[in-house]
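Undergrad: Here is a sequence with its predicted model. Questions after.
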Amino acid sequence: MASDMFACYLGSSLPGAAAFRQSRRPARGVVVMGVPEQVAKGYAQALMELAQSKSCLEPIHADMEKLEALIENQDVVNFLYDPVADIGKKQKLLATLGNDGGFNKYTINFLNLLIEKKRINTIAYVIKAFDDLYNDKTQTQVATVVSAVKLENAQQALIAKKLQTLTGAKNIKLKNEVDPELIAGFVLKYGKGQSEEIDFSVRGQLEKLRMEFESGLGAAAEEAEEKVAA
């Protein structure tokens, strides 16, 4: 859908269009030269304050999640990031995408502001910063459960409930990633920057046994050497 809409606004006559079609830059985590991350954090903070003052935190947060999915489209990202692309066309594209996605009017106004200030290329950072602020505000614990096979919804709900008890968080946002190399079981990552980890995987247990075995062999070798020396 986004690709079809994008095609309506991006023609072959647009300056730099061909070059940007060929450029396959990542949609998220883009390093924008000369635009420090703290600038994006400032915009995210302003959006958070607006959302709270207008009592529309949840709708705007939902818009940010939709926007994150939209900027996975490389054509959309390249067009928005193009410094020579027409500002009016950028705003028209976002208005169309926003209206189709049911965006809150304040979200659309905010995106227009980013375009006018030539800060739209910070959007990936803004989304991440706003999500962090939202999680802090709503006491939401973000976690990732890595499993050998995709977990069923009921299994994820059970893990989320256990994690909620463990952390005392009001809400849990759980993401399931699949890694067949775990063999079976799962690894749960949570905490700030997901620095905490609980390993219930077969691979993890085997690795633990290997380390204990190697440690035991090392201790036995040292003991044998001491006896020989005596």
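TA: Noted; the coordinates are in hand.

Undergrad: Tell me which residues are up against stretch 145-161.
TA: Contacting residues not belonging to stretch 145-161 are listed as 143, 172, 174-189, 201-202 [Cβ atoms under 8 Å, 6 or more residues apart in numbering]. The C-beta positions use only the backbone N, C-alpha and C, and glycine is treated the same way.

Undergrad: run the last query once more with 6 Å
TA: Residues from elsewhere that reach stretch 145-161 (Cβ atoms under 6 Å, 6 or more residues apart in numbering): 172, 174, 176-180, 182-184, 186-188.

Undergrad: Which residues belonging to that stretch are considered buried?
TA: 145, 146, 147, 148, 151, 156, 159, 160 (16 or more other Cβ atoms under 10 Å).

Undergrad: cool, stretch 107-121 as well?
TA: Per 16+ other Cβ under 10 Å, stretch 107-121 contains these buried residues: 107, 108, 110, 111, 112, 114, 115, 119, 120, 121.

Undergrad: Please apply the same query to stretch 43-63.
TA: 43-44, 47-48, 50-51, 56-57, 59-63.

Undergrad: follow-up on the earlier one: and which of the buried residues of stretch 107-121 is nearest to residue 166?
TA: Nearest to residue 166 out of these is residue 107 (Cβ to Cβ; 34.1 Å).

Undergrad: What does the pLDDT read for the residue nearest the centre of the chain?
TA: By Cα atoms, centre = their mean, the chain has its centre lying nearest to residue 128, at 6.5 Å. Residue 128 is assigned 93 on the pLDDT scale.

Undergrad: go on, the one 10 residues further on?
TA: pLDDT recorded at residue 138 is 95.

Undergrad: same question, the one 3 residues further on
TA: In this prediction, residue 141 carries a pLDDT score of 93.

Undergrad: returning to that earlier point: identify the residue with the minimum pLDDT among the buried residues of stretch 107-121.
TA: For the buried residues of stretch 107-121, the least confidently modelled position is residue 121, at 89, judged by pLDDT.

Undergrad: Could you verify that that one is part of a helix?
TA: Yes: assigned with DSSP: H, G, I helix; E, B strand; the rest coil, residue 121 falls within a helix.

Undergrad: hmm, back to that, tell me the one of the buried residues of stretch 145-161 nearest residue 75?
TA: For those, the residue nearest residue 75 by Cβ to Cβ is residue 146; the value is 31.3 Å.

Undergrad: Next up, phi/psi of the closest one, please.
TA: phi -100, psi 120 (degrees, to the nearest 10).

Undergrad: mind checking how far it is from residue 191?
TA: From residue 146 across to residue 191, the span is 15 Å (Cβ to Cβ, to the nearest Å).

Undergrad: just the strands in the chain please.
TA: 140-147, 171-178, 186-190, 196-199 (DSSP state E).

Undergrad: Much appreciated, bye for now.
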